[in-house]
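S.K.: sequence? don't have it. structure:
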C-alpha cells in the first residue's frame, strides 16, 4: 500500500512538522496535490513508513533530523538551480 507524508519547515520552527499523512487513496491525493503545486516529491519508502506512524501536526523526532535535513538540503539545492 502506498504511503505519503507531507512535511513543512519554516524558519523559527524547532523541526519539520507533519502537515499531511495518508495511505492508499489518501496518499495518492497528497501526491497529486504536491504535483499540482510543484512541491518536490521524494520517494523513500522506509522514511514514509516511519513518518506515517506519527501524528498529524507532530514535529519529526530527533532520530529523523539527519535524513530529513539531507532531503531538505537536496530539495533546496535543486530548486535554487532552476532559473
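M.R.: Cool, got the structure. Just so you know, these numbers come straight off a predicted model, no measurement behind them.

S.K.: Just the buried residues of the lowest-mean-pLDDT helix or strand in the chain, please?
M.R.: Using mean pLDDT, DSSP states H and E, the weakest-scoring helix or strand in the chain turns out to be helix 65-80, at a mean of 86. The neighbour-count check on helix 65-80 (16 or more other Cβ atoms under 10 Å) flags 68, 71 as buried. The way it works is simple: take the backbone N, C-alpha and C, and place the C-beta from them, glycine included.

S.K.: helices or strands up against it?
M.R.: Packing contacts for helix 65-80, counted by 3 or more Cβ pairs under 8 Å, 6 or more residues apart in numbering; DSSP states H and E, involve helix 45-51.

S.K.: what does the helix it packs on contact?
M.R.: Residues outside helix 45-51 that contact it (Cβ atoms under 8 Å, 6 or more residues apart in numbering) are 3, 4, 5, 7, 18, 21, 60, 64, 67, 68, 71.

S.K.: same question, stretch 34-41
M.R.: Around stretch 34-41, the neighbours that count as contacts under Cβ under 8 Å, 6+ apart are 6, 31, 33, 75, 78, 79.

S.K.: again, only using 10 Å
M.R.: Contact with stretch 34-41 is made by 4, 6, 8, 20, 30-31, 33, 71-72, 74-76, 78-79, as judged by Cβ atoms under 10 Å, 6 or more residues apart in numbering.

S.K.: CSV for those residues, including distance to residue 55?
M.R.: Output for the contacts of stretch 34-41, formatted as CSV (distance: Cβ to Cβ, whole Å):
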residue, distance to residue 55
4, 15
6, 13
8, 15
20, 12
30, 16
31, 20
33, 20
71, 20
72, 21
74, 26
75, 23
76, 26
78, 29
79, 28
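
S.K.: and residue 22, what are its phi and psi?
M.R.: According to degrees, to the nearest 10, the main-chain angles of residue 22 amount to phi -170, psi 160.
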